[in-house]
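Visitor: Here's a sequence, model it:
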Amino acid sequence: MIMNELRFLFRVDATAETGLGHYTRSFALAEYLSYNFSCFFLMFNPIVEVESNLINSEIKLIKLDSNNSEDQIKYLKDNVLRENDILIFDGYNFDSDYIKSIKNTFDNYTILIDDIYLNFQHCNLIINTAGNSTIDKYNCQENTTFCLGLSYSLLRKSFLEQAKLQREISNIDTIFICLGGADLNNITLEVLKSVLSIEKKFKVHVVVGGAYQYLDSLNLFIKTVFSNSIVYLHRNLSAEEIKNLIIESQIAICSSSVILSECYSVGLFVISGYYIENQFQTYEFAKSNNLIYPIGDLNNLNKLNLKSIIEDITIDNVNQMIQLQKSVIDGSSLKRLQKKIIQSYFDSSLICRKANKEDIYNYFELVNDSEVRKSSINTEIILFENHEKWFTGRILSPNTYMFAFYLKQTFVGQVRFDKNENNNFIIDYSICAPYRGLGLGFILLKKSINQLKNYKLQHAKLVAEVKLDNFSSNKTMLNLGFELQATTDLINQYTYDIK
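Guide: Residues are numbered from 1 along each chain as shown. Below is the predicted model:
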């Protein structure tokens, strides 16, 4: 179900100059988010293959006609941005002023995908998937949320599924080579020359992207070189096709970029290095944790004896490395990341206020939602005349505290505390249909409990009764620190002491 009120706008480019790494990892996140949200890519002059890929996906492409920053900012402000949009920037060509100007249109929630410690003060959340990334290397505003490390890997769907599978190999006969979608220095050709100098016969899969500019010379080399191995050249493959080639292989030679995490998800012996600055951090972590065979700066490949490295690899070497790789990639990274993004967004964006008479119709619509009635102790439909009498009495009662939650002008949910004869406060909360399943129960209760504390209720006890089969609410109570006090055939009872 798409939540029409919330959109993700990705500002990312994919050209021969920028390469495809930023696009690939942003696409992985957008692909996952698009199951629940509308996602848009805002791009200037994307290569044809990228444009085609987006057309065949659930992600919408908005092309920017000008490469001038001021023109782009004006176009986005006048024609694209809405007040609840979440902005995601991925690219080194977007400076702090550019991001700030777009963000300030509606004070939009802003995310930065980073791997070189860009210190942009106005980002709400920063994603850095390098294994050794740490908060102390950033100089950001205090309330910035961080999603750091391989547990937030930006893996495409095919690789998320593969990461959950174990693997053990019994032979070595296939090599996978991928040095990025653009490979501006044509390191692919140098690697292939070394591989084909090996006497043993291998099947060799060489993968290049749509931005690779040396296709003719690479093809010519493959056709004219003498080798015992058989070479298959692939260009502009889908994630599923790349995954299948990696599965077929036991050895990979790749850069420490997006493709490295994809290799981890499958599991094989990886020989890896770096050739640009943003790959170095990923490379260093992989090297220090034995996730790769490290070969350093790939621009100095001619100084390495890649041939002897490959010849010395044993089946035990491969399987040992696979086990280490599988320990750092679990296939749940994007589920984890989506939850963190959504909770951070709503935590910073939701308005919590005391309910008043203007909320009566929003409450009425919510209370008669089919899922709300199903989860309630009383499952009968509520008539408006009864609701009006009840609502008016509650907002005026000194024994009831009702909090309404809004995202700008959009009603999201409610929390109510009713004092009973034992001077305990019984909790009732509900969330509007488009916002369920996002972990918002935790945020609504946390915010409303903090509001309740402002009323100086000394030694008050909160009581929540939750149906046994309402798994999300039971989990929310435990995560908030509520204690399970009693269980019947149908209900768990939790308590929480306000201090």
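
Visitor: CA atoms for contacts and neighbours, from now on please.
Guide: Fine.

Visitor: so which helix or strand takes in residue 117?
Guide: Here residue 117 is covered by no helix or strand, with elements defined by DSSP states H and E.

Visitor: what sits against it?
Guide: With contact taken as C-alpha atoms under 8 Å, 6 or more residues apart in numbering, residue 117 is in contact with 137, 138.

Visitor: Now do it against residue 204, distance only.
Guide: Taking C-alpha to C-alpha, to the nearest Å as the measure, residue 117 falls 36 Å from residue 204.

Visitor: Kindly report the same for residue 498.
Guide: Taking C-alpha to C-alpha as the measure, residue 498 falls 65 Å from residue 204.

Visitor: out of those two, which sits in the more crowded spot?
Guide: A count of neighbours by other C-alpha atoms under 10 Å puts residue 204 above the other of residue 498 and residue 204, at 23 against 15.

Visitor: where does the stretch 351-499 of the chain dip in pLDDT?
Guide: Applying pLDDT under 70 to the stretch 351-499 of the chain flags the ranges 458.

Visitor: where along it do the strands fall?
Guide: Ranges of strands within the stretch 351-499 of the chain are 351-354, 400-407, 410-419, 424-431, 461-467, 483-487, 491-497, based on DSSP state E, counting those that start in this stretch.

Visitor: Could you dump those strands into JSON lines with distance to residue 268 added?
Guide: As requested, these are arranged in JSON lines below (distance: least, C-alpha to C-alpha, whole Å):
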{"stretch": "strand 351-354", "distance to residue 268": "49"}
{"stretch": "strand 400-407", "distance to residue 268": "46"}
{"stretch": "strand 410-419", "distance to residue 268": "46"}
{"stretch": "strand 424-431", "distance to residue 268": "45"}
{"stretch": "strand 461-467", "distance to residue 268": "46"}
{"stretch": "strand 483-487", "distance to residue 268": "46"}
{"stretch": "strand 491-497", "distance to residue 268": "47"}
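
Visitor: Including distance to residue 274 and mean neighbour count, could the ones you listed go into a markdown table?
Guide: Shown next, in a markdown table, are the strands of the stretch 351-499 of the chain (distance: least, C-alpha to C-alpha, whole Å; neighbours: other C-alpha atoms under 10 Å):
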| stretch | distance to residue 274 | mean neighbour count |
| --- | --- | --- |
| strand 351-354 | 46 | 17 |
| strand 400-407 | 44 | 20 |
| strand 410-419 | 46 | 21 |
| strand 424-431 | 47 | 20 |
| strand 461-467 | 53 | 21 |
| strand 483-487 | 51 | 14 |
| strand 491-497 | 52 | 18 |
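
Visitor: if I pick residue 164, what's in contact with it?
Guide: So, once contact is read as C-alpha under 8 Å, 6+ apart, residue 164 ends up touching 265, 330, 331.

Visitor: repeat that with 7 Å
Guide: 330, 331 (C-alpha atoms under 7 Å, 6 or more residues apart in numbering).

Visitor: now do residue 96
Guide: By C-alpha under 7 Å, 6+ apart, the residues touching residue 96 are residue 120.

Visitor: before we move on, which element is residue 31 in?
Guide: Using DSSP H and E, residue 31 sits within helix 21-33.

Visitor: where does the protein dip in pLDDT?
Guide: Checking the chain against pLDDT under 70 turns up 1-5, 119, 458.

Visitor: longest helix anywhere in it?
Guide: When the chain is parsed with DSSP state H, its longest helix is helix 333-349.

Visitor: Please list the outside residues in contact with that one.
Guide: 29, 32, 109, 145, 151-154, 407, 438-440, 443.

Visitor: which parts of that helix are buried?
Guide: 333, 334, 337, 338, 340, 341, 343, 344, 345, 346, 347 (16 or more other C-alpha atoms under 10 Å).

Visitor: Closest one to residue 165 out of those residues, please.
Guide: Residue 165 has its nearest neighbour among the buried residues of helix 333-349 in residue 333, at 14.8 Å by C-alpha to C-alpha.

Visitor: Give me the neighbour count for the nearest residue to the closest one once chain neighbours are set aside.
Guide: The shortest distance from residue 333 to any non-neighbouring residue, by C-alpha to C-alpha, 6 or more residues apart in numbering, is to residue 152 (4.5 Å). Per other C-alpha under 10 Å, the neighbour tally for residue 152 reads 24.

Visitor: just checking, residue 152 touches residue 131?
Guide: No. Contact criterion C-alpha atoms under 7 Å: residue 152 and residue 131 do not qualify, at 9.6 Å.

Visitor: what separates stretch 378-390 from the chain centre, distance-wise?
Guide: Relative to its parent chain, stretch 378-390 has a centroid offset of 41 Å by C-alpha atoms, centre = their mean, to the nearest Å.

Visitor: contact partners of that stretch?
Guide: In this structure, residues lying in contact with stretch 378-390 by C-alpha under 7 Å, 6+ apart are 364, 368, 373.

Visitor: same thing with stretch 33-47?
Guide: 1-4, 6-15, 30, 58-65, 67.

Visitor: For it, measure first residue to last.
Guide: 23 Å.

Visitor: Contacts only, for the nearest residue to residue 131 once chain neighbours are set aside.
Guide: Among residues not flanking residue 131 along the chain, residue 149 sits closest, at 4.3 Å (C-alpha to C-alpha, 6+ apart). Shown here is residue 149, whose contacts under the criterion C-alpha under 7 Å, 6+ apart are 128, 129, 130, 131, 132, 133.

Visitor: So which of those is the closest to residue 321?
Guide: Nearest to residue 321 among the contacts of residue 149, with distances taken as C-alpha to C-alpha, is residue 131, at 16.4 Å.

Visitor: what about that closest one, which SS state?
Guide: Following DSSP: H, G, I helix; E, B strand; the rest coil, residue 131 is assigned to coil.

Visitor: What spatial separation is found between it and residue 311?
Guide: Taking C-alpha to C-alpha, one finds residue 131 at 29 Å from residue 311.

Visitor: of those two, who's got more company?
Guide: Neighbour count, other C-alpha under 10 Å: between residue 131 and residue 311, residue 131 has more, with 20 against 12.

Visitor: Now do the contacts for the more buried one.
Guide: 149, 150, 282, 285.

Visitor: Tell me how many other residues crowd residue 228.
Guide: 14.

Visitor: Quick check: chain neighbours aside, which residue is closest to residue 249?
Guide: The nearest residue in space to residue 249 (C-alpha to C-alpha, 6+ apart) is residue 174, at 4.6 Å.
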